[in-house]
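J.: Predicted structure and sequence below. I'll ask about it afterward.
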Amino acid sequence: MIILDTCAIIFDALSPSKLTSKAKKAIIEAEEDRQLFCADITLWEIGMLIQKKRLDPGTDTENFLQLVLESRQIQVLPIEPEIAALATSLLIPHFDPADRIIAATAIYHHGSLITSDQKLRKVPNLITVW
């Protein structure tokens, strides 16, 4: 199971050259196995980046999100009570609440997180790919 961090989804959709070869390979293999996921908060994060004009996908937010999910057959994982609890625990020493939820989602589902975020790559018990 591969879970895409917000940056990984954006890079894959708009700037694939920013992904490492290891990340690209993991995405392709997970897509072939229908094991490509993202945390639901990732969709909100992308929407906020578009709204704040820090990301211009060339279309409106809803259309962009639909295109991204459909293009790779990405499945969206909801925040379960266990994920919410894990995200608030000391096991994830990261300041950003969205990143804490994304990391907790990957840990809870025993997935590998594709991320360029150095802070996330240092989270104990979180398997990352970059």
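T.: Thanks, I have it.
J.: doesn't residue 100 make contact with residue 119?
T.: No - counting by C-beta atoms under 8 Å, residue 119 sits too far from residue 100 to count as a contact (10.3 Å). Any C-beta I mention is one placed from the backbone N, CA and C, and that applies to glycine too.
J.: quick one: which of the two has more around it?
T.: Of the pair residue 119 and residue 100, residue 100 is the one with more neighbours under other C-beta atoms under 10 Å, namely 23 against 14.
J.: And that one, how far from residue 87?
T.: Distance, residue 100 to residue 87, by C-beta to C-beta, to the nearest Å: 4 Å.
J.: Also residue 58?
T.: Taken as C-beta to C-beta, the span from residue 58 to residue 87 is 32 Å.
J.: Check residue 117 too.
T.: According to C-beta to C-beta, residue 117 and residue 87 sit 15 Å apart.
J.: of those two, who's got more company?
T.: Taking neighbours as other C-beta under 10 Å, residue 117 and residue 87 compare with residue 87 leading, 24 against 20.
J.: Nearest residue to that one in space, please, no chain neighbours.
T.: residue 104 (3.9 Å; C-beta to C-beta, 6 or more residues apart in numbering).
J.: what's the answer for residue 114, then?
T.: Spatial nearest neighbour of residue 114, chain neighbours left out: residue 8 (4.3 Å); criterion: C-beta to C-beta, 6+ apart.
J.: Can you get me the start-to-end distance on stretch 12-28?
T.: End-to-end distance of stretch 12-28: 11 Å, with C-alpha to C-alpha, to the nearest Å as the criterion.
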